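# need the 3D shape of this:
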Amino acid sequence: MADTVQQIKDRLSIVDVVSQYTKLDRSGSSLRARCPFHAEKTPSFHVSPDRGTYHCFGCGVGGDIFSFVEAIEGLDFKGALKILAEKAGVPLVYEKPEKKDERDRLLELMEVTTIFYSSRLTDEAKKYLKERGMEEATLQTFRVGWAGKEWEDLVKYLRTKKFTDNEMLNAGVAKKNERGSVTDKFRNRIMFPIADSAGRVIGFSGRIFGEDASPDAPKYLNSPETPLFHKSRILYGFDRAKQGIRKHNFAVLVEGQMDLLASHQAGWTNTVAVSGTAFTPEHSQLIKRMSDNLVLALDADQAGIKAAGRAARAALQGGLNVKVAKLPTGLDPADLILKEGVEAWRAAVRDSKDIITFLLDVLEEHSKSPDNFRRSVEIAVLPFLTDVQSPIAREQYIREIAKRLTVSESAVAAAYEKMPRDAAHQDRQPARAPAPAAKQIISTDRAKNAYAILLWQRALPKSSVDIKKYEKDLVETIGEPAYKKLEAIEGAEREALIFAAELLHGKSASSDKEAKAILDALILDTLRAQLDRASEALKEAEAAGDEKEIKRCTEESKLLTGRIAKFHSGV
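Predicted structure coming up:
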């Protein structure tokens, strides 16, 4: 595993990885950007190409390419490893079964289950899917499968693969019946595997189908919350849509699995879908890592419009720019593509309107009078303004609302100001203490500054400083106990020291001279402090009439004064 990690690092630079998620600008020896992990106006996120690390002085996060992908994709280390290995073209060598932890076992179980379902897709189910416009290649790409009518088909199969009943229950593919027996979770359903950002199957969504299906069963049944599957943080198809979202610079959100398959098949590979839950702020953050723009393409019925409204508010709260694709009444995206063709779907996405414009159009169309329209706007549109992050965008919306209502902008602004703000709108970002900037970290403490330079030079592939001599001089200057205290600094604080030294001293053409100057200043500070202590001791000795102590302090003061004079003269 260690060899695989190093191979990946040898082939992928930190710049290669981070620049896919955020724009980097040169800043001295490092690169900087607005942090992708918290909202900020002034860039405080720095990347060091030489050391292959990143650090944000705004929120304190930092690490290497693996921790970055873990954080930005919402993955564990092995998920990040899979993504980076694919980018680097490095084959993964998996551990022996006995070394796998519980999470690995569950992921393996889900993969085996996916293969089981996809291998059993019936001709009857294929016929139905093709009637809905699905092509064979699409079904294979998304690994669509079938859960049959028997109660224990999957359970029995997984037992032959040495998986325990408890593992099946934890993975959400099995359940206990009233008698306590373990049975299949999904029956008589077309199965759609749901993957994490790395493409690993973590859950399923099953659509009811077949003559044996119970009429009382829900149309769609999704995996329960498990150690792998958290529906409020997962978007169906996101693993396959990431590149498309980056390429087109927007994501399309649809309501169901069939809509997503049809959209991808029609060429909109930037499409994602919710999986048995409402669109959440966590979903917004997932998309925002790829693009700031979202197009909602939910069903055109009353329920779909309400869902679009809820999704839009969550997206606006997450800092996304939101548009809505207006679909013909009674048609979802899959039906639109099937009945009116791919071009009709492309036109709907292409002609999507800003969320405020869309709402104004819908309300005006259904309002019986201007007064009714005004009241509807106050009730249904103004609350959206409380979710808009940008003051400029909010002002533009106020101008548009005023124009549509034929009232003054000040009147709309006054109505907006009276809108109630709940706690979620007052503080969308989790509270955290601001991290100190680079200068704050080390500029007021010369010992820490000198030690930060030592850490920075140690971390470089090639240093211009004589590190061993520098370390020896530093220890002699500040003393062993103080040096050990600095060496005990770990984790993010240690990484912050390295970045602070690089940012403050990396612009110098001669790092060795910069380091020597800092160390000399530290030594001079130490000598002056020693001289002050010797002078105070001399005064006390003179007051006490202690001739022996007077002689010792006088000699020490002369010695320290001479050393200080040599420093000033450059000797």
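# from here on, contacts and neighbour counts on C-alpha atoms
Fine.
# what's the separation between Ala543 and Glu556?
Distance from Ala543 to Glu556, counting by C-alpha to C-alpha, to the nearest Å: 18 Å.
# how many neighbouring residues does the nearest residue to Arg105 once chain neighbours are set aside have?
Nearest residue to Arg105, sequence neighbours excluded (C-alpha to C-alpha, 6 or more residues apart in numbering): Glu167, at 7.9 Å. By the criterion of other C-alpha atoms under 10 Å, Glu167 has 17 neighbours.
# ok, Ala543 and Glu556, which is more surrounded?
Each of Ala543 and Glu556 has its neighbours counted (other C-alpha under 10 Å); Glu556 has more, 17 against 10.
# which neighbouring elements make contact with the lengthiest helix in the chain?
When the chain is parsed with DSSP state H, its longest helix is helix 511-544. Secondary-structure packing of helix 511-544 (3 or more C-alpha pairs under 8 Å, 6 or more residues apart in numbering; DSSP states H and E): helix 446-459, helix 467-478, helix 547-569.
# deepest of these, which one?
Most buried of these, by mean neighbour count (mean count of other C-alpha atoms under 10 Å): helix 446-459, with a mean of 22.
# residues contacting that helix, please?
For helix 446-459, contacts defined as C-alpha atoms under 8 Å, 6 or more residues apart in numbering pick out 51, 442-443, 463-465, 467, 470-471, 474, 478, 486, 497-502, 515, 518-519, 521-522.
# dump the C-alpha coordinates for it into PDB.
The C-alpha trace of helix 446-459 is given here as PDB (Å, rounded to 0.1, in the frame of the first residue of the first chain):
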ATOM      1  CA  ARG A 446      11.500  34.600  16.900                       C
ATOM      2  CA  ALA A 447      12.100  31.100  18.300                       C
ATOM      3  CA  LYS A 448       9.000  29.700  16.700                       C
ATOM      4  CA  ASN A 449      10.000  31.600  13.500                       C
ATOM      5  CA  ALA A 450      13.400  30.000  13.400                       C
ATOM      6  CA  TYR A 451      12.000  26.600  14.100                       C
ATOM      7  CA  ALA A 452       9.400  27.100  11.400                       C
ATOM      8  CA  ILE A 453      12.200  27.700   8.900                       C
ATOM      9  CA  LEU A 454      13.900  24.500  10.100                       C
ATOM     10  CA  LEU A 455      10.600  22.500   9.500                       C
ATOM     11  CA  TRP A 456      10.200  24.200   6.100                       C
ATOM     12  CA  GLN A 457      13.700  23.400   4.900                       C
ATOM     13  CA  ARG A 458      13.400  19.800   6.200                       C
ATOM     14  CA  ALA A 459      10.200  19.300   4.100                       C
END
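# got the residue ranges for the strands in the stretch 1-150 of the chain?
Here the stretch 1-150 of the chain has its strands, by DSSP state E, counting those that start in this stretch, at 25-27, 30-33, 45-48, 53-56, 62-63, 145-147.
# low-confidence ranges in the stretch 151-300 of the chain?
Scanning the stretch 151-300 of the chain for pLDDT under 70 picks out the ranges 299-300.
# state the distance from Gln317 to Ser408.
On the measure of C-alpha to C-alpha, Gln317 and Ser408 end up 27 Å apart.
# okay, those two: which has more neighbours?
Gln317 (24 against 13).
# my guess is that one meets Leu385, correct?
No: contact criterion C-alpha atoms under 8 Å: Gln317 and Leu385 do not qualify, at 10.0 Å.
# about what we covered before: reformat the helices and strands packed on helix 511-544 as a markdown table; add distance to Glu340.
Formatted as a markdown table, these follow (distance: least, C-alpha to C-alpha, whole Å):
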| stretch | distance to Glu340 |
| --- | --- |
| helix 446-459 | 60 |
| helix 467-478 | 71 |
| helix 547-569 | 85 |
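# got those helices as CSV, with distance to Thr4 and mean pLDDT columns?
Formatted as CSV, these follow (distance: least, C-alpha to C-alpha, whole Å; pLDDT from 0 to 100):
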stretch, distance to Thr4, mean pLDDT
helix 446-459, 21, 83
helix 467-478, 30, 85
helix 547-569, 51, 83
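# list just the one of those that sits closest to Arg132.
If you check each of the helices and strands packed on helix 511-544 against Arg132 by C-alpha to C-alpha, helix 446-459 wins as the nearest, at 57.8 Å.
# between helix 467-478 and that closest one, find me the angle.
If you take axes from the mean of the first three to the mean of the last three C-alpha atoms, to 10 degrees, helix 446-459 sits at 170 degrees to helix 467-478.
# for Ala492, which non-adjacent residue is spatially closest?
Per C-alpha to C-alpha, 6+ apart, closest to Ala492 is Gly62, 6.4 Å.
# report the beta-bridge partners for that neighbour.
Assessed by DSSP bridges, Gly62 has beta-bridge partners His55.
# how near is Ala348 to Trp268?
Counting by C-alpha to C-alpha, the gap from Ala348 to Trp268 is 12 Å.
# nearest to Val377, out of the strands of the stretch 1-150 of the chain?
Across the strands of the stretch 1-150 of the chain, closest to Val377 is strand 30-33 (C-alpha to C-alpha), at 38.6 Å.
# starting at the chain centroid, how far to the closest one?
Here strand 30-33 shows a centroid-to-chain-centroid distance of 18 Å under the convention C-alpha atoms, centre = their mean, to the nearest Å.
# Gly62 reaches Glu495, doesn't it?
Yes: the pair Gly62 / Glu495 is scored as a contact, 7.1 Å apart, by C-alpha under 8 Å.
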